[in-house]
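I'll drop the sequence and a predicted model, then ask my questions.
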Amino acid sequence: MKMPFFPDQASDVAKQIDHLFFALVGLSTFVVLLILIPMVYWMCKYRRGKTADRSPVRLPQTTMEVTWTVVPTILMLFVWAWAARAYFVLERPPPGAMEVNVVAKQWMWKIQHPEGNREINELHVPLGRLVKLTLTSQDVIHSLFLPAFRVKQDVVPGRYVTEWFKPSRLGTYHLFCTEYCGTLHSGMIGKVVVMDPADYEAWLRRGQPDVTLVQAGELLFRELGCSGCHVGNSVVRAPPLEGVFGGPVPLNNGEVVNADEGYVRDSILFPEKQIVGGYTNAMPSFKGKVTEDELLELVAYIKSLGSQRPK
């Protein structure tokens, strides 16, 4: 029975992380041996009863102090720079990625694709395509771990976090929750299926619902009455939403925030928290009236409203 010491490398990032890991192991092993081998040698040579020259030895103390301070510092700074570079690569999703929403819940992973396809504890992705995951939790803290892609991210209630990967090998890979989240935590597992792009498109068509994620968000936007204030020549004076996503938003208190997924989410649930400059808060809170899945649908719709602000 084959027992691999490490998971498969199913992405380019996985190779980078493994190189960093092995470098740290190698450096740590070298330092341990550098200390342990002389220590054992001197323990044997100068043990009690052993005839050995014990006369005082004059050592270049200043040189030694400088050496064992400067050299390890330089090595640690090099490793820090290497790890920091890898961290920033992991935490900055490249543009043009396929966006997939993930909602964690005791004890399952609920996944929805832009085309509207939904999955439970399974994530189908095409080979060679950048995949950006937008994650949130419906109840407690969870943690998404994809070992083959070296991706791990805590999923926290009340906020959005993102991770990305680019699958480089076909196959089926593990998906785990690595944060104890309740009695059935050990069963909160799933799989990532990396498919040929043509097979992935066929899979999408087989399970595609009547509406996409954006269309579902638009329907909900109108059902909740949001269109009566934020679209066209509405009676209630409210901030227009066309082109707002991704840009700066000036607030009444003088601050300027970025209209990302978290800003849209907070504006729906806590409208009094960040009031747009030039407006008063006349919007009711929708906390408890929309689910995490519906919030992501609304975010997808607002993101689709174009990049040009109305006059």
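Done, it's in. Numbers count the residues shown, from 1 in each chain.

can we go C-alpha only for contacts and neighbour counts from here?
Will do.

SS state for Phe245?
Going by DSSP: H, G, I helix; E, B strand; the rest coil, the secondary structure assigned to Phe245 is coil.

From Pro250, how far off is Trp109?
36 Å (Cα to Cα, to the nearest Å).

Give me the more crowded residue out of those two.
Trp109 (25 against 16; other Cα atoms under 10 Å).

Walking through the stretch 101-250 of the chain, point out its strands one by one.
108-112, 118-120, 122-126, 131-137, 142-146, 151-155, 161-165, 171-177, 189-195, 248-250 (DSSP state E, counting those that start in this stretch).

looking at these, which is closest to Arg54?
For Arg54, the closest of the strands of the stretch 101-250 of the chain is strand 151-155, at 54.7 Å, according to Cα to Cα.

so what strands line up beside that closest one?
Applying DSSP bridges, strand 151-155 is found paired with strand 142-146 (antiparallel).

what residues does the partner strand touch?
104, 151-156, 173-181 (Cα atoms under 8 Å, 6 or more residues apart in numbering).

Need the max-distance pair from these.
Val156 and Tyr173 (23.7 Å).

Looking at stretch 169-187 now, give me its mean pLDDT.
Across stretch 169-187, the average pLDDT comes to 93.

Oops, could you answer that again for stretch 141-157 instead?
On average, stretch 141-157 scores 93.

For PyMOL, what selects the buried ones among the contacts of strand 142-146?
For the buried members of the contacts of strand 142-146, the matching PyMOL selection, counting by 16 or more other Cα atoms under 10 Å, is:
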select buried, resi 104+151+152+153+154+155+156+173+174+175+176+177+178+179+181
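
Leu295: which of the contacts of strand 142-146 is nearest?
Among those, and counting by Cα to Cα, the member closest to Leu295 is Ala104, at 13.8 Å.

okay, now the domains of this structure?
Per automatic domain parsing, the domain ranges recorded for the chain read 1-43+93-209, 213-303.

between these, which gets nearest to Phe78?
Of all those, domain 1-43+93-209 sits nearest to Phe78, with 11.0 Å by Cα to Cα.

any idea how far that closest one is from the chain center?
Offset of domain 1-43+93-209 from its chain centre (Cα atoms, centre = their mean, to the nearest Å): 9 Å.

now stretch 291-305
19 Å.

With stretch 88-96 instead?
That offset, for stretch 88-96, works out to 10 Å (Cα atoms, centre = their mean).

Report the mean confidence score over that stretch.
87.

in it, what's buried?
Using 16+ other Cα under 10 Å as the test for burial, stretch 88-96 gives Leu90, Pro93.

got the contact list for it?
So stretch 88-96 is contacted by Val13, Leu130, Lys132, Thr162, Glu163, Trp164 (Cα under 8 Å, 6+ apart).

Show me which of those is closest to Asp139.
Thr162 (17.9 Å).

give me every residue that touches the closest one.
Contacts for Thr162 (Cα under 8 Å, 6+ apart) come out as Glu91, Pro93, Lys132, Leu133, Thr134, Leu135, Gln153.

could those go into JSON lines alongside distance to Leu220?
Output for these, formatted as JSON lines (distance: Cα to Cα, whole Å):
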{"residue": "Glu91", "distance to Leu220": "31"}
{"residue": "Pro93", "distance to Leu220": "28"}
{"residue": "Lys132", "distance to Leu220": "24"}
{"residue": "Leu133", "distance to Leu220": "22"}
{"residue": "Thr134", "distance to Leu220": "20"}
{"residue": "Leu135", "distance to Leu220": "20"}
{"residue": "Gln153", "distance to Leu220": "29"}
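
what's the distance between Glu163 and Lys110?
Distance from Glu163 to Lys110, by Cα to Cα: 16 Å.

Please disregard the earlier target; I meant Gly171.
Distance of Gly171 to Lys110, computed by Cα to Cα: 21 Å.

next one: Ala282
For Ala282 relative to Lys110 (Cα to Cα), the value is 33 Å.

So for those two, which sits in the more crowded spot?
Neighbour comparison, Ala282 and Lys110: the larger count goes to Lys110, with 19 against 13 (by other Cα under 10 Å).

Report the buried residues of the lowest-mean-pLDDT helix or strand in the chain.
Within the chain, no helix or strand scores below helix 227-230, which has a mean of 80 by mean pLDDT, DSSP states H and E. For helix 227-230, the buried set under the neighbour-count rule, 16+ other Cα under 10 Å, comprises Gly228, Cys229, His230.
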